[in-house]
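Enquirer: what's the 3D shape of this:
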Amino acid sequence: FQCPGCGSSLTVRAKGHTESLACGTCGAIIDITDNNFRILSTFKAQINYEPVIALGTHGRLEDIDYEVIGYLRRRISVDGIHYEWSEYLLFHREQGFRWLVEYNGHWSWVSTLNEPPLVTGYGANSRASFHQHSYRLFQTAEAEVSYVLGEFYWRVQVGERCLISDYIAPPFQLSQERTDKEMVWSRAEYLEPETIQKTFQIAETLPVRIGIGANQPSPYEAQRPKFRRLRWLFLGLLIIGQIIVISLSSNARIHQQTLLFDASTQNKALTSEPFTVSGRTSNIEIRTQTNLNNNWIYLEMTLIERDSGASHTINQEISYYQGIDEGDAWSEGSTEDLAVLSGIPAGTYYLSVEGELAPNSPTVTCTFTFFRDTPSWSNFFFALLALLIFPLIFSWRARAYERARWADSDPIPSSNDEYDSDDDD
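Expert: Predicted coordinates:
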C-alpha cells in the first residue's frame, strides 16, 4: 500500500501479527490494523539510518527461516552522552517474533520469556536466576526509542521510554524492560559477527567490534578445560620423569676423606687420596661435615682429574653458632654443607682444599664424602614452579578480561566477585 503521509510504497510482511509500520521516507508511523491506514504519529529523524540487515532479508537461525520486518534504534544517556544500539525485529509465521540486537559490533539473539526469572538481592548484589543459571546485574538505565523503520507488534513511537535492567551470565543475558503499564523479560545469547554475516548473506562489512560485549563469552573460559587437562598431563609426565631419574640414579658413595684445618694450614692446599669415578658422565655430590661450634670456615675446593688435569672449583662457607639467651637455647647456621658438580666424566680424581679460618680458631675437622650419580631435584622443582606460574598468568589475564567487561557497568564487582568461574586449582 501507499504511505498516507508521503505516498511511498510500503509492504506489510507480517499481516495479522503486527500493529504499526514506520515509513522510512516521511517518518509517519501508521496503524496497519486500521482499514484506512491511520497515521498514529510522525517523527523527524536527524539521520536516516540504513539497517545493516535490510528489511525483507531472510536468515536461518535455530533451524528456522526468519524474515527481518522491523528496525529500531534505542539510546541511553549517561552524563549527557548518548549511547545508541540497533534492534532488528524478525518474524516467522509459527515461531513468532525474535530480535537481533547490535551494539558496538556485538550481536545478540533475543527471545521474549513467558515466565519471569527470580530476582534476588539489591544493587550490585542483585542476581536473576533462570533455568539453573545465575545472572549478575550489569546495568540499569532508562532507554528511549530514537528511530523506527518497518513493522512492529505494538504501536511503536519515537521517544517512548522504558527502564532496562540487564543481567549477564556470558554468553547469555537477561533483560527486564519496565514501564508504568507492563514489565517484559527477554533472554539473549551472544552471536559472533561471522554468524550474522553468513546467516543473512551480508556482502558489506559489519560494524567493527569495539571493546568487550556485556554477554560476550570470555575466550579464557573456553580454554579453561583444555588448559586444566594439559596442566595435569604435564604434571603427571613430570612426576613420572622424576621417578625414572631417581630409579636410574646409582647414588653410590665412592670416597670419604677427613682433613684437619688450623693456623698451620692457612693459605695451604690440602689434598685427598685419589679415588676412581667410573660409569657414564654424571654429577658428583660432595657432602661436608665439620665439628664447628661458634665458629666458621671458608673452603675453596677443586676437584682435579689426575691424568688430564681437568678441574672443577666450588666454594663453601660453613658457620654454626649456638647459645642460651634468657634461658632459651638458640642456634644459627649448620655444621655441614653440600655441593654438586655436574657433568663429571669417568676418571681418577682427587680433591684439593684451601681452608680459611677465623683468627685464633681451634682446629676444624672436615669430613668430605663423595657420591656419584645422585638424583637431582632442582630441575623437577623448576618445572613444577613453571607449572604453577602458568595458571597464575592465565588467571590474571582472565581477570583482566572481566575487568574490561565490567568497566562500563553500573555495579562495579568486588575483587571476590570479579571472576565467578572456578580458579585453576
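Enquirer: Tell me where the stretch 301-425 of the chain has strands.
Expert: When secondary structure is read from DSSP state E, counting those that start in this stretch, the stretch 301-425 of the chain shows strands at 311-325, 328-333, 336-344, 347-357, 364-372.
Enquirer: And the residue nearest the centre of this protein?
Expert: Nearest to the centroid of the C-alpha atoms of the chain, with distances taken as C-alpha atoms, centre = their mean, sits residue 398, at 2.0 Å.
Enquirer: With adjacent residues omitted, what lies nearest to that residue?
Expert: Counting by C-beta to C-beta, 6 or more residues apart in numbering, residue 220 is the residue found nearest to residue 398 once chain neighbours are left out, at 3.9 Å. Where you see a C-beta, it was placed from the backbone N, CA and C, and this is true even at glycine.
Enquirer: So what's the residue count around that neighbour?
Expert: Residue 220 has 18 neighbours, counted by other C-beta atoms under 10 Å.
Enquirer: So it, which state does it fall into?
Expert: When states are read from DSSP: H, G, I helix; E, B strand; the rest coil, the local structure at residue 220 comes out as helix.
Enquirer: pretty sure it contacts residue 397?
Expert: Yes. Judged on C-beta atoms under 8 Å, residue 220 makes contact with residue 397 at a distance of 6.4 Å.
Enquirer: which residues of the stretch 301-425 of the chain score low on pLDDT?
Expert: Counting by pLDDT under 70, the stretch 301-425 of the chain contains low-confidence ranges at 411-425.
Enquirer: hang on, the earlier thing: in CSV: the strands of the stretch 301-425 of the chain, plus mean neighbour count and distance to residue 46.
Expert: Conversion of the strands of the stretch 301-425 of the chain to CSV gives the following (neighbours: other C-beta atoms under 10 Å; distance: least, C-beta to C-beta, whole Å):
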stretch, mean neighbour count, distance to residue 46
strand 311-325, 13, 81
strand 328-333, 10, 81
strand 336-344, 15, 77
strand 347-357, 18, 89
strand 364-372, 19, 86
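Enquirer: of all those, which lies closest to residue 159?
Expert: Ranking these by distance to residue 159, with C-beta to C-beta as the measure, places strand 336-344 first at 79.7 Å.
Enquirer: Within its sheet, name the partner strands of that closest one and how each one runs.
Expert: In the sheet, strand 336-344 lines up against strand 282-290 (antiparallel) (DSSP bridges).
Enquirer: For the residue nearest to residue 398, give me its contacts.
Expert: If you count contacts by C-beta atoms under 8 Å, 6 or more residues apart in numbering, residue 220 has them with 394, 397, 398, 401.
Enquirer: Counting neighbours, which bits of the helix or strand harbouring residue 237 end up buried?
Expert: Secondary structure assignment for residue 237, by DSSP states H and E: helix 219-248. Buried residues in helix 219-248, counting neighbours by 16 or more other C-beta atoms under 10 Å, are found at 220, 224, 231, 238, 242.
Enquirer: buried sites along stretch 200-215?
Expert: Within stretch 200-215, judged by 16+ other C-beta under 10 Å, the buried ones are 200, 202, 206, 212, 213, 214, 215.
Enquirer: Now tell me what touches it from outside.
Expert: Counting by C-beta under 8 Å, 6+ apart, the neighbours of stretch 200-215 from elsewhere in the structure are 52-53, 57-59, 68, 102-106, 108, 138-139, 166, 168-173, 188-190, 193, 196-197, 401, 404-405, 408-409.
Enquirer: what about that stretch, start to end distance?
Expert: Across its full length, stretch 200-215 reaches 22 Å end to end, with C-alpha to C-alpha, to the nearest Å as the criterion.
Enquirer: What average pLDDT does it get?
Expert: When pLDDT is averaged over stretch 200-215, the result is 93.
Enquirer: now it: how far from the chain's centre is it?
Expert: Centroid displacement of stretch 200-215 relative to its chain, using C-alpha atoms, centre = their mean, to the nearest Å, is 23 Å.
Enquirer: for stretch 387-399, same thing?
Expert: Centre-to-centre, stretch 387-399 and its host chain are 7 Å apart (C-alpha atoms, centre = their mean).
Enquirer: Kindly report the same for stretch 364-383.
Expert: That offset, for stretch 364-383, works out to 39 Å (C-alpha atoms, centre = their mean).
Enquirer: Then stretch 37-51?
Expert: Distance of stretch 37-51 from its chain centroid, counting by C-alpha atoms, centre = their mean, is 45 Å.
Enquirer: Please apply the same query to stretch 156-171.
Expert: A distance of 29 Å separates the C-alpha centroid of stretch 156-171 from that of its chain, computed with C-alpha atoms, centre = their mean.
Enquirer: Likewise for stretch 298-306?
Expert: From the chain centre to the centre of stretch 298-306 is a distance of 51 Å (C-alpha atoms, centre = their mean).
Enquirer: Not counting that stretch itself, show me its contacts.
Expert: Applying C-beta under 8 Å, 6+ apart, the contact partners of stretch 298-306 are 274, 284, 286, 288, 310-318, 339, 341, 344, 347-357, 366.
Enquirer: how about the helices in this protein?
Expert: For the chain, helices defined by DSSP state H occupy the ranges 193-199, 219-248, 378-406.
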